[in-house]
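Engineer: Sharing a model that was predicted from the sequence below.
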Amino acid sequence: MSSTALRKTQIHQRSPLFSSPISRCLAATLGALLASVLTTAGMPVYLPFAQLENIGIPIVLFPVTWLVLFLYSVMSESMWRVWLLLAILTLGHAALIFHTLS
């Protein structure tokens, strides 16, 4: 088998980039929104700013956080990594919020 034919068969054997569209859409919409809201609420715990900046900067960074998570969810090849990242961010910041409020 020639190298060109071998390369063509390897290209066709890859999984499609946009596999599992339902999981991808759920991660990009609900997962990214939930993770970015909890990340915004948890940021004042660890940001080293004054009281007013500690509240204002996470609010200003919310659209950036949501956009980054949304684009990562849409463009990533592995949905396992997307769900793992969203779960770590959500659970980690939920734990920070709970620890701060209790």
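Structural biologist: Cool, the structure landed.
Engineer: Every contact and neighbour count from this point should use C-alpha atoms.
Structural biologist: OK.
Engineer: Check which helix or strand the closest residue to residue 97 other than its chain neighbours maps to.
Structural biologist: For residue 97, ignoring the flanking residues on the chain, the nearest one in space by CA to CA, 6 or more residues apart in numbering is residue 42 at 5.6 Å. Under the criterion of DSSP states H and E, residue 42 resides in helix 32-46.
Engineer: Show residues contacting the helix or strand just after that helix.
Structural biologist: Going down the chain from helix 32-46, the next helix or strand is helix 51-75, by DSSP H and E. Contact partners of helix 51-75, identified using CA atoms under 8 Å, 6 or more residues apart in numbering, comprise 24-25, 27-29, 32-33, 36-37, 40-41, 43-44, 47-48, 79, 82.
Engineer: Please spell out the PyMOL selection for the buried subset of those residues.
Structural biologist: Buried subset of the contacts of helix 51-75, written as a PyMOL selection, criterion 16 or more other CA atoms under 10 Å:
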select buried, resi 24+27+28+32+33+36+37+40+41+43+44+79+82
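Engineer: okay, which residue is most central for the protein?
Structural biologist: residue 69 (3.5 Å; CA atoms, centre = their mean).
Engineer: Kind regards, and thank you for your time.
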